[in-house]
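Asks: Predicted model follows, preceded by the sequence.
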There are 2 protein chains.
Amino acid sequence: MTYKAIKLIKRPQTTITPDVFEVMEMETPTLGEGQILVRQTHMSLDPAMRGWMNEDRNSYIPPVELGDVMRSNGVGEVVESQNEKFPVGTRVAGLIGWTEYLATSGAGLNPVPPEIDPEAILAVLSLPGITAYHGLMEVARPKAGETVLVTGAAGSVGSIVGQIAKAEGLRVIGVAGSDEKCKWLTDELGFDAVINYKTADLDTALTQAAPDGIDVFFENTGGPIQHVAINHMNPHGRVAICGMIADYNRTTAMPGPSWILLLKRRLRVEGFTMPDERHRWGELSQKVGAYLMAGQIKYRTHVLEGLESAIDGINLLFSGENRGKLMVKL
Amino acid sequence: MTYKAIKLIKRPQTTITPDVFEVMEMETPTLGEGQILVRQTHMSLDPAMRGWMNEDRNSYIPPVELGDVMRSNGVGEVVESQNEKFPVGTRVAGLIGWTEYLATSGAGLNPVPPEIDPEAILAVLSLPGITAYHGLMEVARPKAGETVLVTGAAGSVGSIVGQIAKAEGLRVIGVAGSDEKCKWLTDELGFDAVINYKTADLDTALTQAAPDGIDVFFENTGGPIQHVAINHMNPHGRVAICGMIADYNRTTAMPGPSWILLLKRRLRVEGFTMPDERHRWGELSQKVGAYLMAGQIKYRTHVLEGLESAIDGINLLFSGENRGKLMVKL
């Protein structure tokens, strides 16, 4: 049987262009002992992928090697099995990559209950949810009565950060890039205030939205809001740096805020990434699941159709045109 | 009896110029109930004073008001007393200010044992030592086998940071601004490596001094070394921002390092100031005292003579011309 997979064959300079990928027609292999064949049904597209495409061996995870299938998280179904841990019909989630089928020992894949919607797995219970929970609750560590600012607030991580913060009784301000997204955050997700960074005067808007200042800044985007937000932080405020999507396609990094302010206000600024917490993903997923079960997390998905739709579709993340967690249905 | 005091009458724009001060001839007051008269013998000059002179009500401590005696830490002797907690002859340390005499209730002053050299009190057991201990051991929190980089390493705080780090078995690299200072750090204080930031190629020098990277960066200075140092930090490294002396006389702050690197390397960058720890100064001073008693902390002092020598003398801190803890003997 033949199937398609997409390899990374060039490193993008700035924006991701179609020529960095190659679509391959492959033959499904005969399984070896202990192997399973997984048919991927849902494939996640995430901003972090941009970093994995760079030749950067000093980052938190090795780059995707040229000639390898592009790395991604996904949900699939076991369609052939030589491994009794994964009988045919098992639903699994984990690093599957940009491919319709994967022959594997099952390492790094976890079985998931069939009653959970695969879209919820990718949108909440996988990286977006555990990243939001860990960054907010374990890195920033908000205290009762505090105000949280989250950038990329309509994004897959940011929207969950805000909802967990609301569930924890905090005041939440979201920054997003369209009025439609802002309306969704206040009307559907219960954010206390929102700022459209494309149209607002950021300093004025932050003064209005957070008259008592910001205690926790959950940073997903970088860009001008970073420098304005830091000026609004209260003494002993904390910044959890989760992403810098505005910077991923730049060749030179934007400077950060002066450390003078970090000193005067005694701020803590901390970067975190989820591979460091790999041994705790199951535990973290359960914690996020509890909010989901309690009806405290809503999500929306932006679903593309067919493997090759990923090639152009991934750029929706960087233009901000996706509405909801971006994924490909295969 | 008349005495001299120096008031702040203007805010410096950049560099501190003599016209921001006014020398006053005052009459010692008749003491009220519970008051004491302190004759200051040793007055500390510290980089943080530059910040206190700015009209900045968002900093960690209120500014010195125009018309008030300039704020400073010092050691003195009680020469008259209406307060049985402080009999005549008691040696005290605390915020005395730029003055020969101070009439006070004693609030904020602490008795110090007569057998301790007043220079050691200002150079080690007061702010320099407790700042070094708190920033290194409680903010940065080094682990066994790690490498510590300290800027302003020959300064009053930096030299103690390096010596505490050595006492704790860490590898220590110091950055200073003259060959003489660098020689003192290696030959007298036992630093493992030093960099003269005025003559070295910083990146090459750091590669040589820290081939395995930096785990803890104790930042006293700001300036170009900050951006180079951050590039040499290991994953999960920590930065304790204690001072930014290179920035204090600037009207606009230097940008900081991009947060992209903080994300990729999962770094923690944290500013701290000692007024936040005021309730623990006694405890911290004891901890520093233990290293001093064990012979693990050496210090040198740069002593000016007479109250008015502070007016020009304070600038030695910003030109880096002082050799050792700067203080005025009255």
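Replies: That came through, no problem.
Asks: what about the helices in the stretch 1-150 of chain A?
Replies: A:48-52, A:118-120, A:127-133 (DSSP state H, counting those that start in this stretch).
Asks: try the stretch 201-330 of chain A
Replies: Secondary structure of the stretch 201-330 of chain A (DSSP H, counting those that start in this stretch): helices at A:202-209, A:224-231, A:245-248, A:259-264, A:281-293, A:309-313, A:316-319.
Asks: Would you mind finding the most buried of those?
Replies: Most buried of these by mean neighbour count (mean count of other C-beta atoms under 10 Å in any protein chain shown) is helix A:259-264; its value is a mean of 23. For glycine as for every other residue, the C-beta is placed from the backbone atoms N, C-alpha and C.
Asks: if I look at the residue in the stretch 1-150 of chain A that chain B sits nearest to, how far off is residue B:244?
Replies: The stretch 1-150 of chain A approaches chain B most closely through residue A:59 (4.6 Å), counting by C-beta to the nearest C-beta. Using C-beta to C-beta, to the nearest Å, residue A:59 is found at 28 Å from residue B:244.
Asks: more neighbours, those two?
Replies: More crowded of residue A:59 and residue B:244, by other C-beta atoms under 10 Å in any protein chain shown: residue B:244, with 29 against 19.
Asks: contacting residues for the residue nearest to that one when sequence neighbours are not counted?
Replies: Nearest residue to residue B:244, sequence neighbours excluded (C-beta to C-beta, 6 or more residues apart in numbering or on different chains): residue B:222, at 3.7 Å. By C-beta atoms under 8 Å, 6 or more residues apart in numbering or on different chains, the residues touching residue B:222 are A:259-260, B:243-247, B:254.
Asks: circling back to that earlier point, of all the helices of the stretch 201-330 of chain A, which lies closest to chain B?
Replies: With distances scored as C-beta to the nearest C-beta, the stretch of these nearest to chain B is helix A:259-264 (3.8 Å).
Asks: touching chain B at all, the closest one?
Replies: Yes. Residues of helix A:259-264 contacting chain B under C-beta under 8 Å from any C-beta of the partner chain: A:259-264.
Asks: Spell out which parts of the stretch 201-330 of chain A neighbour chain B.
Replies: Within reach of chain B by C-beta under 8 Å from any C-beta, the stretch 201-330 of chain A has these residues: A:219, A:222, A:226, A:235-236, A:241-244, A:247, A:253-273, A:276.
Asks: ok, of the helices of the stretch 201-330 of chain A, where does mean pLDDT dip lowest?
Replies: Of all the helices of the stretch 201-330 of chain A, mean pLDDT reaches its minimum on helix A:245-248 (a mean of 80).
Asks: quick one on the thing from earlier: just so I know, which of the helices of the stretch 201-330 of chain A lies nearest residue A:329?
Replies: Closest of the helices of the stretch 201-330 of chain A to residue A:329 is helix A:309-313, at 9.0 Å (criterion: C-beta to C-beta).
Asks: May I have stretch A:80-97 as CSV, with CA atoms only?
Replies: The C-alpha coordinates for stretch A:80-97 follow below in CSV (Å, rounded to 0.1, in the frame of the first residue of the first chain):
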residue,chain,number,x,y,z
GLU,A,80,-1.6,-3.4,12.0
SER,A,81,0.2,-4.7,15.1
GLN,A,82,3.0,-7.0,16.0
ASN,A,83,3.0,-5.5,19.6
GLU,A,84,0.5,-6.7,22.2
LYS,A,85,0.7,-3.3,24.0
PHE,A,86,-1.0,-1.7,21.0
PRO,A,87,-3.7,-4.0,19.5
VAL,A,88,-5.3,-3.1,16.2
GLY,A,89,-7.9,-0.4,16.8
THR,A,90,-6.0,1.4,19.6
ARG,A,91,-6.1,5.1,19.4
VAL,A,92,-2.7,6.7,20.1
ALA,A,93,-1.2,10.2,20.4
GLY,A,94,2.3,11.5,20.2
LEU,A,95,5.1,12.5,17.8
ILE,A,96,3.9,11.0,14.5
GLY,A,97,5.2,13.5,12.0
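Asks: contacting residues around the closest residue to residue A:141 other than its chain neighbours?
Replies: Once flanking residues are discounted, residue A:141 sits nearest to residue A:238: 6.7 Å by C-beta to C-beta, 6+ apart. By C-beta under 8 Å, 6+ apart, the contact set of residue A:238 is A:139-141, A:215-217, A:267-270.
Asks: now with 7 Å?
Replies: Listed by C-beta atoms under 7 Å, 6 or more residues apart in numbering or on different chains, the contact set of residue A:238 reads A:140-141, A:216, A:268.
Asks: same deal with residue A:61?
Replies: A:52, A:275.
Asks: before we move on, the earlier item: can you redo the helices of the stretch 201-330 of chain A as CSV with distance to residue A:156?
Replies: Listed next are these as CSV, based on distance: least, C-beta to C-beta, whole Å:
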stretch, distance to residue A:156
helix A:202-209, 23
helix A:224-231, 18
helix A:245-248, 11
helix A:259-264, 29
helix A:281-293, 12
helix A:309-313, 14
helix A:316-319, 9
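Asks: which one of those lies closest to residue B:86?
Replies: Closest approach to residue B:86 among the helices of the stretch 201-330 of chain A (C-beta to C-beta): helix A:259-264, 34.0 Å.
Asks: Now do that closest one: everything it contacts.
Replies: Residues from elsewhere that reach helix A:259-264 (C-beta under 7 Å, 6+ apart): A:230, A:269, B:58-60, B:219, B:222, B:226, B:241, B:244, B:247, B:253, B:256, B:269, B:271, B:273.
Asks: same check, this time on stretch A:118-131
Replies: Stretch A:118-131 is contacted from outside by A:41-42, A:44, A:46, A:73, A:75, A:93, A:112, A:156-157, A:160, A:242, A:274, A:281, A:284-285, A:288-289, A:292, A:297, A:299, A:301, A:325, A:327, using C-beta under 7 Å, 6+ apart.
Asks: Can you say which of those are buried?
Replies: Buried members of the contacts of stretch A:118-131, counted by 16 or more other C-beta atoms under 10 Å in any protein chain shown: A:41-42, A:44, A:46, A:73, A:75, A:93, A:112, A:156-157, A:160, A:242, A:274, A:281, A:284-285, A:288-289, A:292, A:297, A:299, A:301, A:325, A:327.
Asks: Residue A:317 - nearest residue in space that isn't next to it in sequence?
Replies: Excluding its sequence neighbours, the residue lying closest to residue A:317 (C-beta to C-beta, 6+ apart) is residue A:47, at 5.1 Å.
Asks: contacting residues around the one you found?
Replies: Applying C-beta under 7 Å, 6+ apart to residue A:47 gives the contacts A:243, A:245, A:248, A:317.
Asks: For chain A, which residue occupies the most central location?
Replies: Closest residue to the average C-alpha location of chain A: residue A:128 at 4.5 Å, with C-alpha atoms, centre = their mean.
Asks: Now that residue. Nearest residue, chain neighbours left out?
Replies: Closest to residue A:128 by C-beta to C-beta, 6+ apart is residue A:156, at 3.9 Å.
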